[in-house]
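Asker: I'd like to go over a predicted model; first the sequence, then the structure.
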Amino acid sequence: MNSLVTFGWGAFGSIAIEVINIYQSYEQHNKLPEKYKCLGYWIVRACVVVVSGVFAVSYEIDKPLLAINIGVATPLIIQAFGKVKPVTPALPTPGD
């Protein structure tokens with residue numbers, strides 16, 4: 001599977017999860033939530049789709065289902081990156 005196809009499957013996984021979220025929101029409330037009417041939301045969501053494809057390519061995925069899985073998991077991966085606290089080395093104290 002070439003990189004472009006892998007990218008497409010990863011992006012598809014990200015899009016698929018958003019379609020499921022929209023469907024569930026509509027089923028529960030019988031209307032779309034306001035966030036789906038905001039251009040800013042869709043810009044950010046498009047960025048997540050692109051990142052999903054990039055992740056699938058960077059993991060060198062060679063099977064469509066695995067690339068889709070990476071696409072679906074990308075929002076969780078990004079959230080995990082944001083929650084990790086960087087390790088800062090201890091600074092030497094004067095006199096060491």
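Answerer: Yep, it's here. Numbering: from 1, shown residues only.
Asker: Just the mean pLDDT for the lengthiest helix in the chain, thanks.
Answerer: Scanning the chain for the longest helix, with DSSP state H as the assignment, gives helix 3-29. The predicted model gives helix 3-29 an average pLDDT of 94.
Asker: roughly how far out does that helix sit from the chain middle?
Answerer: Taking Cα atoms, centre = their mean, to the nearest Å, one finds helix 3-29 lying 10 Å from the centre of the chain it belongs to.
Asker: Which residues does whatever helix or strand comes next after it contact?
Answerer: Next along the chain after helix 3-29, taking DSSP states H and E as the criterion, comes helix 39-58. Residues from elsewhere that reach helix 39-58, judged by Cβ atoms under 8 Å, 6 or more residues apart in numbering: 3, 6-11, 13-15, 18, 35, 66-67, 70-71, 74-75, 77-78. Quick note: C-beta positions are derived from backbone N, CA and C, even for glycine.
Asker: try 10 Å this time
Answerer: For helix 39-58, contacts defined as Cβ atoms under 10 Å, 6 or more residues apart in numbering pick out 1-15, 17-18, 33-36, 38, 61, 64, 66-75, 77-78.
Asker: Mind checking the pLDDT average for that helix?
Answerer: 96.
Asker: list the buried ones in that helix?
Answerer: 45, 48-49, 51-57 (16 or more other Cβ atoms under 10 Å).
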